[in-house]
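Peer 1: coordinates for the following, if possible.
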Amino acid sequence: MMKHLNQVRQIWEARNVTIKSAESYIVFSYEYVLRFVKAENQVNIVNQLLEWSQLLFDKKSFQDIERIEQRFENELIKADEEMDIEMNWDNYLQRTYYITGKVLAGRTINKEEIEWLKQSFFEDFPNYLFLLNYTKDYESFFQTNKLVQKIKMTNLYYLYIEKS
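Peer 2: Numbering: from 1, shown residues only. Presented below is the predicted three-dimensional model:
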């Protein structure tokens, strides 16, 4: 802590030679600490996103998808004749991973991607809403889906603090 106070004092003296009021020094110190905390928080968020992203493609969640396909075969055929749930789940995870990569690389995220980050799997694929009541029966799918929501919300939070 003392090291940071000395840094604040040195920066203060270099930037503000003429004004020596206690109030302005306190304000400057507070702003400096806020910038430091924000930067440290961003590093923690980046590390957390990197760690979580590695967990996205858990084989067990795909095994759960296969079990869901077997159990709800008739409902799934009616729900989505063009694509199967496994392909949609994989696309959902891939898109989460891709957008997280863009966020971490500091690349521009467009409005469509921001809106997508706000949606759940079941909002993105409303044909599967009937599965919502059964997700806890499939632990890996349930946990991976929760992880995706954490990643998406953390991406939104990171974009927000980057902007401010």
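Peer 1: mind listing the helices for the protein?
Peer 2: 2-15, 22-54, 59-71, 73-79, 85-105, 111-117, 121-124, 139-163 (DSSP state H).
Peer 1: reformat the ones you listed as TSV; add mean pLDDT.
Peer 2: Formatted as TSV, the helices of the chain follow (pLDDT from 0 to 100):
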stretch	mean pLDDT
helix 2-15	53
helix 22-54	68
helix 59-71	94
helix 73-79	77
helix 85-105	93
helix 111-117	96
helix 121-124	93
helix 139-163	91
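Peer 1: so which of these is nearest Leu132?
Peer 2: Nearest of the helices of the chain to Leu132, taken as CB to CB: helix 121-124 at 5.6 Å. The C-beta positions use only the backbone N, C-alpha and C, and glycine is treated the same way.
Peer 1: buried set for that closest one?
Peer 2: For helix 121-124, burial by neighbour count (16 or more other CB atoms under 10 Å) applies to Phe121.
Peer 1: roughly how far out does it sit from the chain middle?
Peer 2: Remark: helix 121-124 is offset 16 Å from the chain centroid, using CA atoms, centre = their mean, to the nearest Å.
Peer 1: what's it in contact with?
Peer 2: Identification of contacts with helix 121-124 by CB atoms under 8 Å, 6 or more residues apart in numbering yields 89, 92, 116, 128-129, 131-132, 145, 148.
Peer 1: please check the residues you listed and keep the buried ones.
Peer 2: Here, 16+ other CB under 10 Å leaves 89, 92, 116, 128, 131, 145, 148 buried among the contacts of helix 121-124.
Peer 1: need the max-distance pair from those.
Peer 2: For the buried ones among the contacts of helix 121-124, the maximum inter-member distance is 19.8 Å, found between Trp116 and Leu131 (CB to CB).
Peer 1: just give me the neighbour total for Leu55.
Peer 2: Using other CB atoms under 10 Å, Leu55 is surrounded by 13 other residues.
Peer 1: kindly list the main-chain dihedrals of it?
Peer 2: The phi and psi values for Leu55, taken as degrees, to the nearest 10, are phi -90, psi 0.
Peer 1: nearest residue to it other than its sequence neighbours?
Peer 2: Nearest non-adjacent residue to Leu55, counting by CB to CB, 6 or more residues apart in numbering: Leu147, 6.1 Å away.
Peer 1: ok, Tyr158 next?
Peer 2: Ile45 (5.0 Å).
Peer 1: contact partners for the residue nearest to Leu55?
Peer 2: Leu147 touches 52, 55-56, counting by CB under 8 Å, 6+ apart.
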